[in-house]
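Colleague: Predicted model and sequence below, questions to follow.
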Amino acid sequence: MGNIREGGLPVVVVGLRPLTIEDVVALSAGKARIKVDDRPEFRGLIDSGYKNFRRQLDSGARIYGVTTGFGESCNNEVPVELANELALNLIRFHGCGSGSPLTDEESAAVVAACLGSLSSGWSAVNPLVIERLCDLLNHRILPVIPCEGSVGASGDLTPLSYVAAVLIGEREVSRDGIRVEAAKALLEAGLDPIKLGPKESLAVMNGTSVMTALTCLAFDKARKLCRVAATLTAMGSDVMQGNPAHFDDRIFAAKPHPGQRECARWIREDLEYSSGAEHQGRIQDRYSIRCAPHVIGVLLDALRWMRPWLETELNGANFNPLIDPETGDVLHGGNFYGGHPCFVADALKTAVASVADLMDRQLALLCNSTTSNGLPENLIARAGDDKAAHHGFKAMQISASALAAEALKLTMPAGSFSRSTECHNQDKVSMGTIAARDCVRVVSLAETIAAICILAMCQAVDIRQGRNCHARALAIRDAVRAKAPFNSYDRRQDNDIAAVLAMLHGGEAPIGDSL
């Protein structure tokens, strides 16, 4: 995002400057507006691609998906006078998505990812297509996109047909969380449906925008989760009176993976550790505390190589065919194959699930009086004669364990389950969209485990009456207590979990600096 602001919001300019993951996240949340690059170099690039394509079409060139059928039907010759009808039918026959619709945030991210790809200059779409996609984001007219139905090559055809359909005024959109007819929403916003010409529906649909968008959102949340997990580790060390020397920088300098060294620094700062400080308790903490930087560090280091892969996919020409904007040459290839975002999503969900498991193991230590260094069993804080009838965090620990088990189950790599489809034309596919959906789910499960663990750590801080707890632990406890009371008797805690999740999502928890 640049320094331009419009209506009080920063403006993302789509064009010659590549989109970033942060751009997609801001646009998905409605925290930025978007506009098309108005520099002559970009306008000329898009116009050139469009005009060169029209010249090819007028010359009678044989162009896949324009004067031929789609997929295995590519040998079917389509008269040029039917090219417009073919483009329309591509949208309509792919209207077979199933499953729950993507959230508004996810749908907006998909539209943003479409813009990144179409603005590469190789799409040959009418500039109006790019302008109208920007309008959808700025007016929050968000396509209702069923989550199921893509094998990730030839791109995200079925889910992206729901984006193309909205452009022509068909199917449904979400406005302020309410589903309405697309034509009605466009009319109310003062926007006309557009006619997608030859190749334009294919350019919108034949890319990897769904898997890329979902993985961008998961990437952003996973990055923030690293800092949360480090803070929880420090709180766990505080309340269980652990050995802070486990996080001495010399240990991590001796095997300098950048991520684990960074994580150890966060924990060390939260514990206000100074080298050489003596510790009188257990000489070595259990692995889920002592090795936390080594677990979280894997995710931190993975994020570093994942970013360029994702941002290349986000801004690349991930459709087929490509039209060389300079020469007009038609290039038939397979850039719709989602292998790179699939591998990122599969790897990301594995690293996140490991962090989720780590937090669950820390919670198990905390709820067991034999491993918590004297905290009451299940963090029961009841002191009266009826103490035996109360259960503290017993069920919370069970819930966290269930969530961790589900996250770990989902780490099976979706990319390993390629299957032949569409008359054996699509005989090797990426499964990237399934990987991305799994990844989103694993991150969500991990965030909920983190919320449960934060509540448990705050319970322990209060039971310890803040003794030997450092500023970070006390600040987290104070912030949480403004939303969720101390657990002094058995009561429902689902609302507490929701409140802490909202704090995490809204950036309200004083977690500390991150990447």
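Modeller: Sure, I can see it.
Colleague: domain parsing for the chain?
Modeller: 5-207, 218-320+334-505 (automatic domain parsing).
Colleague: hey, where'd the helices end up in the stretch 101-250 of the chain?
Modeller: Taking DSSP state H, counting those that start in this stretch to define them, one finds helices in the stretch 101-250 of the chain at 104-118, 127-138, 157-167, 182-188, 200-205, 209-239, 249-253.
Colleague: who wins for proximity to residue 299 among those?
Modeller: Nearest of those to residue 299, taken as Cβ to Cβ: helix 209-239 at 5.7 Å. C-beta here means a position set from N, CA and C on the backbone, and glycine is covered the same way.
Colleague: That closest one versus helix 157-167: what angle between them?
Modeller: Helix 209-239 and helix 157-167 are oriented at 110 degrees to each other (axes from the mean of the first three to the mean of the last three Cα atoms, to 10 degrees).
Colleague: Turn the domains of the chain into CSV, including mean pLDDT.
Modeller: CSV is the format used below for those (pLDDT from 0 to 100):
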stretch, mean pLDDT
domain 5-207, 94
domain 218-320+334-505, 96
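Colleague: With distance to residue 513 as new columns, can these be given to me in a markdown table?
Modeller: Shown next, in a markdown table, are the domains of the chain (distance: least, Cβ to Cβ, whole Å):
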| stretch | distance to residue 513 |
| --- | --- |
| domain 5-207 | 16 |
| domain 218-320+334-505 | 7 |
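Colleague: Could you dump those domains into a markdown table with distance to residue 328 and mean neighbour count added?
Modeller: As requested, the domains of the chain are exported to a markdown table (distance: least, Cβ to Cβ, whole Å; neighbours: other Cβ atoms under 10 Å):
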| stretch | distance to residue 328 | mean neighbour count |
| --- | --- | --- |
| domain 5-207 | 3 | 20 |
| domain 218-320+334-505 | 15 | 20 |
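Colleague: out of those domains, which comes closest to residue 326?
Modeller: Closest to residue 326 of the domains of the chain is domain 5-207 (Cβ to Cβ; 7.0 Å).
Colleague: from the chain's centre, how far out does the closest one sit?
Modeller: 20 Å (Cα atoms, centre = their mean, to the nearest Å).
Colleague: Adjust the sequence numbering to begin at 733 for everything that follows.
Modeller: Got it, the first residue is 733 from now on, which makes the last one we talked about domain 737-939.
Colleague: what about residue 1060, helix or strand, and which?
Modeller: Residue 1060 is part of no helix or strand when elements are defined by DSSP states H and E.
Colleague: Distance of it relative to residue 786?
Modeller: 9 Å (Cβ to Cβ, to the nearest Å).
Colleague: can you pull the contacts of residue 785?
Modeller: 856, 931, 1055, 1060 (Cβ atoms under 8 Å, 6 or more residues apart in numbering).
Colleague: ok so, going back, which of the helices of the stretch 833-982 of the chain sits closest to residue 1156?
Modeller: Nearest of the helices of the stretch 833-982 of the chain to residue 1156, taken as Cβ to Cβ: helix 889-899 at 16.7 Å.
Colleague: just checking, what packs against the closest one?
Modeller: helix 815-825, helix 836-850, helix 859-870, strand 874-875, strand 878-880, helix 914-920, helix 932-937, helix 941-971 (3 or more Cβ pairs under 8 Å, 6 or more residues apart in numbering; DSSP states H and E).
Colleague: Could you check the angle it makes with helix 836-850?
Modeller: 90 degrees.
Colleague: can you dump the C-alpha coordinates of helix 889-899 into CSV?
Modeller: Only the C-alpha atoms of helix 889-899 are listed here, as CSV (Å, rounded to 0.1, in the frame of the first residue of the first chain):
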residue,chain,number,x,y,z
LEU,A,889,-12.7,-22.9,-12.5
THR,A,890,-15.8,-23.6,-10.6
PRO,A,891,-15.4,-21.3,-7.6
LEU,A,892,-14.1,-18.5,-9.8
SER,A,893,-17.1,-18.8,-12.1
TYR,A,894,-19.0,-17.2,-9.2
VAL,A,895,-16.8,-14.1,-9.5
ALA,A,896,-17.3,-14.0,-13.3
ALA,A,897,-21.0,-14.4,-12.9
VAL,A,898,-21.3,-11.4,-10.6
LEU,A,899,-19.5,-9.3,-13.3
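Colleague: got the angle between that helix and helix 859-870?
Modeller: For helix 889-899 against helix 859-870, the angle by the same axes, to 10 degrees is 90 degrees.
Colleague: relative to helix 815-825, how tilted is helix 889-899?
Modeller: Using the same axes, to 10 degrees, helix 889-899 lies at 120 degrees relative to helix 815-825.
Colleague: Next up, the contacts around the closest residue to residue 774 other than its chain neighbours.
Modeller: Once flanking residues are discounted, residue 774 sits nearest to residue 747: 4.0 Å by Cβ to Cβ, 6 or more residues apart in numbering. Residues near residue 747 by Cβ under 8 Å, 6+ apart: 768, 769, 771, 774, 851.
Colleague: Distance check, residue 1016 against residue 1158.
Modeller: 53 Å.
Colleague: Please apply the same query to residue 999.
Modeller: Counting by Cβ to Cβ - residue 999 and residue 1158 are separated by 47 Å.
Colleague: Check residue 940 too.
Modeller: Taken as Cβ to Cβ, the span from residue 940 to residue 1158 is 14 Å.
Colleague: just residue 1240 next, same as before
Modeller: Counting by Cβ to Cβ, the gap from residue 1240 to residue 1158 is 45 Å.
Colleague: same question, residue 1015
Modeller: Residue 1015 is 58 Å from residue 1158, by Cβ to Cβ.
Colleague: got it, and residue 799?
Modeller: For residue 799, the distance to residue 1158 - Cβ to Cβ - is 21 Å.
Colleague: do the same with residue 864
Modeller: Taken as Cβ to Cβ, the span from residue 864 to residue 1158 is 29 Å.
Colleague: again, but for residue 1060
Modeller: Remark: distance between residue 1060 and residue 1158 (Cβ to Cβ) = 28 Å.
Colleague: next one: residue 1208
Modeller: According to Cβ to Cβ, residue 1208 and residue 1158 sit 49 Å apart.
Colleague: and what of residue 881?
Modeller: With Cβ to Cβ as the criterion, residue 881 and residue 1158 are 13 Å apart.
Colleague: And for residue 773?
Modeller: Taken as Cβ to Cβ, the span from residue 773 to residue 1158 is 36 Å.
Colleague: residue ranges for the strands of the stretch 983-1132 of the chain, please.
Modeller: With DSSP state E, counting those that start in this stretch, the ranges of strands along the stretch 983-1132 of the chain come out as 1054-1055, 1062-1063.
Colleague: Now distance to residue 994 too, for the ones you listed, in a markdown table please.
Modeller: A markdown table is the format used below for those (distance: least, Cβ to Cβ, whole Å):
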| stretch | distance to residue 994 |
| --- | --- |
| strand 1054-1055 | 40 |
| strand 1062-1063 | 42 |
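Colleague: Which among those is found nearest to residue 831?
Modeller: Set against residue 831 and scored by Cβ to Cβ, the strands of the stretch 983-1132 of the chain come closest in strand 1054-1055, at 30.9 Å.
Colleague: Each with direction, which strands does the closest one pair with?
Modeller: Taking DSSP bridges as the criterion, strand 1054-1055 forms sheet pairs with strand 1062-1063 (antiparallel).
Colleague: Can you name the residues in contact with the partner strand?
Modeller: With Cβ under 8 Å, 6+ apart, strand 1062-1063 has contacts from 788, 793, 795, 796, 1053, 1054, 1055, 1056.
Colleague: For those residues, which two are the farthest from each other?
Modeller: The widest separation within the contacts of strand 1062-1063 (Cβ to Cβ) is 14.8 Å, between 796 and 1056.
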